[in-house]
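S.K.: Output the structure for:
(one chain, ligands or ions: 2)
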Amino acid sequence: MKYGAVIVAAGKGSRMHLGFNKVFADLKDGCSILEHSVQIFLSDPDCAQIVVVTDPGQYCKQLKLPECGRITLACGGSTRQESVCNGLEAMLCDIVMIHDGARPFLSASSLTALKQAMETEQAACLMVPCKDTIKVVKDGYIEETLPRESLMAAQTPQVFHTKDILACMHKAMTDGYTGTDDCSLVEKYSDIRIRAVQGDYANFKVTTPEDLK
Ligand SMILES: Nc1ccn([C@@H]2O[C@H](COP(=O)(O)OP(=O)(O)OP(=O)(O)O)[C@@H](O)[C@H]2O)c(=O)n1
Ligand SMILES: C[C@](O)(CO)[C@H](O)COP(=O)(O)O
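M.R.: Ligands and ions are numbered 1, 2, ... in the order given. Below you'll find the model as predicted:
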């Protein structure tokens with residue numbers, strides 16, 4: 001299955017407290033978090049186009065990725081959702097995987113599981129079961145405990161037909177709705193069923209200083 005990837009990397013990394021966008025922090029072997037995130041898709045021959053959404057000037061200055069005709073650059077927006085929207089506008093493939101530049105540990109087996117899901121499904125999301133008990137808290141006091149057996153944490157990639165996610169994105173932008181992930185737009189603005197594909201806990205989002213360690 002041929003597909004394209006939109007990798008969003010235009011955040012501020014404010015919770016990381018590095019003073020610069022965390023995706024450019026060195027991770028391993030002299031390569032940044034973002035380079036590792038992009039490399040996963042570069043290594044997959046099924047990935048026909050990779051749109052990296054970030055400050056293009058900074059990208060070209062900081063990244064040491066090999067010259068590759070598959071990479072397109074797009075400018076970031078003021079929210080993750082706006083950055084995704086800019087990336088989607090540059091996407092030429094019919095199927096798109098939207099991935100956080102801040103998730104450098106995506107495994108080849110999870111990528112394969114998502115591709116297999118898209119052979120029969122209209123959309124799919126990588127997820128892991130919640131390990132903690134999740135409670136609703138209001139004004140500093142617990143209101144209720146949610147049933148953990150149905151709770152899963154959404155990761156990225158989240159995969160869609162490009163036309164579907166673009167249509168939902170445009171409706172959200174018109175409505176002034178901002179979701180915390182891409183599936184939430186499809187849940188709200190379409191009747192598409194999204195397949196939950198089990199991923200692994202290693203694919204976490206590098207967010208705070210202890211994650212970087
Ligand atoms: N305006 C934005 C905000 C976020 N992102 C990207 O979305 C992903 C997930 O966001 P998050 O981990 O929250 O990154 P930051 O927004 O950079 O972090 P913070 O909220 O701590 O500032 C990251 O790869 C980030 O670069 C983006 O492309 N454009
Ligand atoms: C898309 C996401 O990574 C799914 O878990 C997450 O919602 C991004 O959240 P953030 O607000 O950008 O940290």
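
S.K.: ok, the closest residue to residue 151 other than its chain neighbours - contacts?
M.R.: Nearest non-adjacent residue to residue 151, counting by Cβ to Cβ, 6 or more residues apart in numbering: residue 130, 4.3 Å away. No exception for glycine: its C-beta is placed from N, CA and C like everyone else's. Residues in contact with residue 130 (Cβ atoms under 8 Å, 6 or more residues apart in numbering) are 148, 151-153.

S.K.: In PDB, list the C-alpha atoms belonging to stretch 165-181.
M.R.: Only the C-alpha atoms of stretch 165-181 are listed here, as PDB (Å, rounded to 0.1, in the frame of the first residue of the first chain):
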ATOM      1  CA  ILE A 165      -9.300  14.200   6.700                       C
ATOM      2  CA  LEU A 166      -9.000  17.400   4.600                       C
ATOM      3  CA  ALA A 167     -12.800  17.600   4.500                       C
ATOM      4  CA  CYS A 168     -13.100  17.200   8.300                       C
ATOM      5  CA  MET A 169     -10.200  19.600   8.800                       C
ATOM      6  CA  HIS A 170     -11.900  22.300   6.700                       C
ATOM      7  CA  LYS A 171     -15.100  21.900   8.700                       C
ATOM      8  CA  ALA A 172     -13.300  22.100  12.000                       C
ATOM      9  CA  MET A 173     -11.500  25.300  10.800                       C
ATOM     10  CA  THR A 174     -14.800  26.800   9.700                       C
ATOM     11  CA  ASP A 175     -16.400  25.900  13.100                       C
ATOM     12  CA  GLY A 176     -13.400  27.200  15.100                       C
ATOM     13  CA  TYR A 177     -13.000  23.700  16.600                       C
ATOM     14  CA  THR A 178      -9.600  22.600  17.700                       C
ATOM     15  CA  GLY A 179      -9.100  18.900  18.600                       C
ATOM     16  CA  THR A 180      -6.100  17.500  20.400                       C
ATOM     17  CA  ASP A 181      -5.600  14.900  17.700                       C
END
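
S.K.: Show me what it is in contact with.
M.R.: 79-81, 84-85, 88-89, 96, 98, 123, 125, 154, 156, 158, 182, 185-186, 188-190.

S.K.: now with 7 Å?
M.R.: Here stretch 165-181 makes contact (Cβ atoms under 7 Å, 6 or more residues apart in numbering) with 79, 81, 85, 88, 96, 154, 158, 182, 185-186, 188-190.

S.K.: give me the subset of those residues touching ligand 2.
M.R.: The residues of the contacts of stretch 165-181 that also fall near ligand 2, by Cβ under 6 Å from any ligand atom, are residue 154.

S.K.: What is the burial count for residue 56?
M.R.: Applying other Cβ atoms under 10 Å, we find 14 residues neighbouring residue 56.

S.K.: Spatially nearest residue to it (excluding sequence neighbours)?
M.R.: Going by Cβ to Cβ, 6+ apart, residue 56 has residue 73 as its nearest residue, at 4.4 Å.

S.K.: For the strand ranked longest in the chain, which helices and strands make contact with it?
M.R.: If you go by DSSP state E, the chain has its longest strand at strand 152-161. Under the contact definition 3 or more Cβ pairs under 7 Å, 6 or more residues apart in numbering; DSSP states H and E, strand 152-161 sits against strand 95-100, strand 123-129, helix 183-189.
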